[in-house]
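K.L.:
No letters, just coordinates:
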């Protein structure tokens, strides 16, 4: 009886060893995890780049208001100026709560360059969750700079090496324009 059971088990093992049924499922299970991670990372990176492009477009459009003197003539304040940035950038993100706008001017480009903060310092941080508003568009023929930032929080696992704020949990996206105001 034991010999019969052993022989049946050996025959079943030999047939199972030769069978290739289910090999595609096993191969897919081995490859699916890394494939989904790479695909998700590509999608998130693409969305992040699209968002940064929208922020840059919003900054360029709003900077035109400063450069041509419309901010002064229309008496736009920081909130109204941020709304003009959000007209373009707000298509993709919640601009009203997530975007920080910084506008500053100086007497010449050298002093403007020395007074500009790093973009990682424009926006909320753990020390100051509500950053101070800087809105000094300047007058005619003065150099000015506009910076807008948005913190993109990662949703894919493994993206933290690309983070530059919040301990690697987010990436600060930035739109930037530096120019000389027209003589208005």
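P.N.:
All right, it came through fine. Just so it is clear, the model here is predicted, and its values are computed rather than measured.

K.L.:
where along this protein do the strands fall?
P.N.:
99-105, 134-135, 143-153, 170-180 (DSSP state E).

K.L.:
Any regions of the chain where pLDDT drops low?
P.N.:
For the chain, the stretches flagged by pLDDT under 70 are 15-20.

K.L.:
What helices and strands are in contact with the top helix by length along it?
P.N.:
If you go by DSSP state H, the chain has its longest helix at helix 23-67. Where contact means 3 or more C-beta pairs under 8 Å, 6 or more residues apart in numbering; DSSP states H and E, helix 23-67 is packed against helix 78-89, strand 99-105, strand 143-153, strand 170-180. (Glycine included, C-beta is placed from N, CA and C.)

K.L.:
what's the angle between the first one and strand 143-153?
P.N.:
It refers to helix 78-89. Put simply, helix 78-89 runs at 60 degrees to strand 143-153, going by axes from the mean of the first three to the mean of the last three C-alpha atoms, to 10 degrees.

K.L.:
Now helix 78-89: buried residues?
P.N.:
81, 82, 83, 84, 85, 86, 88, 89 (16 or more other C-beta atoms under 10 Å).

K.L.:
Output these as CSV; include the columns distance to residue 30.
P.N.:
CSV is the format used below for those (distance: C-beta to C-beta, whole Å):
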residue, distance to residue 30
81, 53
82, 49
83, 51
84, 52
85, 47
86, 46
88, 44
89, 42
